[in-house]
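S.K.: Next comes the sequence, and after it the predicted model I'd like to discuss.
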Amino acid sequence: IVIRTFSCSFDKKNFDSLAINYSGFFIASSCQKTYKIYIWSIKKGVLIEILNGHESYINELFFLEKNLKILSSSWDKTFRIWEFEDYNKSNYNCICEIFRTDGKILGTCLNPNSKEIAFFIQNYGFLFFNLILKKICFQN
């Protein structure tokens with residue numbers, strides 16, 4: 001059995017949402033105090049990236065596909081798709097697409113086919129988003 005502890009050098013982080021990518025090389029967690037997403041290399045055991053942008057509690061994180069692509073949803077009424085280009089190289093770009101909703105995102109569920117995601121929006125109900133077409137396919 002191998003036990004590995006991931007940490008960061010910042011004071012008093014409260015991590016909650018957790019995701020591991022399909023290859024098992026990366027782990028991500030959100031911090032409820034800073035509204036940032038932290039990404040660690042499992043192989044190296046080091047923090048490799050901090051994603052900024054959300055303005056409120058991040059309630060869910062998912063790795064999408066086999067690439068280093070992360071979906072985050074938040075009480076700030078947004079969900080974001082963070083995509084890393086050339087992440088195997090020392091210099092890489094992270095592109096963030098922001099999608100706005102009419103209320104706080106209280107719950108998120110990824111379809112096992114990784115093509116759709118469902119959101120439960122406060123005071124509005126359900127919203128289904130097609131990840132391929134990047135558009136809402138159903139809203140009640």
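M.R.: Arrived safely. Numbers count the residues shown, from 1 in each chain.
S.K.: what's the burial count for Asp102?
M.R.: Per other C-beta atoms under 10 Å, the neighbour tally for Asp102 reads 12. C-betas here are computed from N, CA, C, even on glycine.
S.K.: residue contacts, it?
M.R.: 77, 121, 123-124 (C-beta atoms under 8 Å, 6 or more residues apart in numbering).
S.K.: Could you identify the buried members of the residues you listed?
M.R.: Buried residues within these, counting neighbours by 16 or more other C-beta atoms under 10 Å: 77, 121.
S.K.: now, which of the contacts of Asp102 lie within strands?
M.R.: Ile121 (DSSP state E).
S.K.: For the closest residue to Lys135 other than its chain neighbours, which residues are in contact?
M.R.: Spatial nearest neighbour of Lys135, excluding adjacent residues (C-beta to C-beta, 6 or more residues apart in numbering): Phe129 at 7.3 Å. Listed by C-beta under 8 Å, 6+ apart, the contact set of Phe129 reads 79, 99, 116-119, 135-137.
S.K.: for the chain, which spans come out with low pLDDT?
M.R.: 1-13, 66, 86-91 (pLDDT under 70).
S.K.: Now do the strands in it.
M.R.: Going by DSSP E, the chain shows strands at 15-20, 26-31, 37-41, 46-51, 58-64, 69-74, 78-85, 93-100, 105-110, 116-121, 125-130, 135-139.
S.K.: separation between the residue nearest to Lys135 and Phe25?
M.R.: 26 Å (C-beta to C-beta, to the nearest Å).
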